[in-house]
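In: Got a predicted model here, sequence first, then my questions.
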Amino acid sequence: MMPSIVIHSAGLFTTVQDAGRYGYQRYGMPVAGAMDPFSLRLANILAGNDPGAACLEATIVGPEIEFTDDTAVAVTGADMGLCINGRSASLNTTLTVKKGDILSFTGLASGCRSYIAFAGGIDVPEVMGSRSTYLRAAVGGFEGRALRNGDILGLGKGQGKVKVKELPQGVIPLYKSSQTIHIISGPEAGRFEMEGLRSFLTAEYSVTDRSDRMGYRLDGEQIVHKPGGADIISAGLSAGTVQVPGDGKPIVLMADRQTTGGYARIANVITADLTLVAQMKPGDTMRFREVTLDHARDTLLLRYAAFGV
């Protein structure tokens, strides 16, 4: 019998996610996958899995999970007060658990999303090459939905005994309530007045409660378009695209983003900083700083090299 986990409490919003559903955007299917792909990769590597394997993404309030067999587990991302059998446990390291052990969380201290990886990954059916949950279409994950109390999820076959690994503290991202987010200029930056571009790069923007896995709606100083500049012929969108609709308030597109959109794209968040955006919650604030494409690439390569992922 394959090992499994029992969800005693599902938390606020917990779904199965992996590296995403690529190759189907031309048919209108979003990529989905982990909001913070970097933390997903870290958790999987610590658990002895392929970096893109399916794990649990927990938002703000974590789940309570019982193990039906001995296994290894790793938790990365937000600090939600991880506990094993009621005792504090470490993030960003390989943890061994026994049959009957309980994994739980005491409360959010920093960040927004935790990633819980189990040796062997989560064994749910692949849909279009991915196990990620896309809720709007009820596709993938566990029955196409967020987890509920009492759910039982099977785990895949692990690679044998997992060697305990720990990430060095100095290179783990800091999830602060106020962040500087680096961007590169977008293809429609020329459709904004200089005043609007200045606002975008100098003003502080707050994450609103209308933000979700599709995108972060921000509030702050209005970004002024040139006349007729807000709307474009629908064009492709990527993770971190910053759209500005007619109201002048930016939207940072995230994992469940639509495949195309008709609002002017002022910028794109660099890939290395998507982890910081994904770990922000309503009320947190960000400022944008423009960098070059070379800087964006070098930052990503350095970060992945530092973690060996």
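Out: On my side now, so go ahead.

In: And for residue 98, the neighbour number?
Out: 11 (other CB atoms under 10 Å). For glycine as for every other residue, the C-beta is placed from the backbone atoms N, C-alpha and C.

In: Same check on residue 233?
Out: Neighbourhood size, residue 233 [other CB under 10 Å]: 6.

In: Surely it is in contact with residue 262?
Out: Yes - in this structure residue 233 lies within contact range of residue 262 using CB atoms under 8 Å: 7.0 Å.

In: pLDDT at the most far-flung residue of the chain relative to its centre, what is it?
Out: Centroid-distance maximum for the chain: residue 227 at 35.3 Å, with CA atoms, centre = their mean. The model reports residue 227 with a pLDDT of 96.

In: quick one: which helix or strand includes it?
Out: Residue 227 belongs to no helix or strand when elements are defined using DSSP states H and E.

In: Distance-wise, check it relative to residue 36.
Out: Using CB to CB, to the nearest Å, residue 227 is found at 38 Å from residue 36.

In: same deal with residue 179?
Out: Separation of residue 179 from residue 36 (CB to CB) stands at 13 Å.

In: So between the two, which is more surrounded?
Out: Taking neighbours as other CB under 10 Å, residue 179 and residue 36 compare with residue 36 leading, 29 against 19.

In: okay but the more buried one is in contact with residue 279, surely?
Out: Yes - between residue 36 and residue 279 there is a contact under CB under 8 Å: 6.1 Å.

In: So for these two, which residues contact both of them?
Out: With CB atoms under 8 Å, 6 or more residues apart in numbering applied, the overlap between the contact sets of residue 36 and residue 279 consists of 77, 113.

In: Quick check: which helices or strands does the lowest-mean-pLDDT helix or strand in the chain pack against?
Out: Scoring the helices and strands of the chain by mean pLDDT, DSSP states H and E places helix 293-307 at the bottom, with a mean of 85. Judged by 3 or more CB pairs under 8 Å, 6 or more residues apart in numbering; DSSP states H and E, the packing partners of helix 293-307 are helix 37-46, strand 178-185.

In: and residue 216, which of the ones you listed is closest to it?
Out: strand 178-185 (10.3 Å; CB to CB).

In: strands paired with the closest one, and their directions?
Out: Strand pairing for strand 178-185, determined by DSSP bridges: strand 260-269 (antiparallel), strand 285-290 (parallel).

In: quick one: average confidence on the shortest one?
Out: For strand 285-290, the mean pLDDT works out to 98.

In: Just the buried residues of it, please?
Out: Within strand 285-290, the residues that qualify as buried are 285-286, 288, counting by 16 or more other CB atoms under 10 Å.

In: of the residues you listed, closest to residue 246?
Out: residue 288 (19.8 Å).

In: I'd like to know how far that closest one sits from residue 186.
Out: For residue 288, the distance to residue 186 equals 11 Å [CB to CB].

In: Distance from the least confident helix or strand of the chain to the middle of the chain?
Out: 18 Å (CA atoms, centre = their mean, to the nearest Å).

In: Quick check: buried residues in that helix?
Out: Across helix 293-307, burial judged by 16+ other CB under 10 Å covers 296, 299-300, 303.

In: excluding its backbone neighbours, what's nearest the spatially most central residue of the chain?
Out: Most central in the chain under CA atoms, centre = their mean is residue 35, positioned 1.7 Å from the mean C-alpha point. Distances taken as CB to CB, 6 or more residues apart in numbering place residue 278 nearest to residue 35, at 4.0 Å, with adjacent residues excluded.

In: how's the chain carved up into domains?
Out: Listed by automatic domain parsing, the domain ranges of the chain are 4-171, 178-307.

In: out of the ones you listed, deepest packed?
Out: domain 4-171 (a mean of 20; mean count of other CB atoms under 10 Å).

In: show me what contacts residue 219?
Out: By CB under 8 Å, 6+ apart, residue 219 lies in contact with 205-206, 208, 249.
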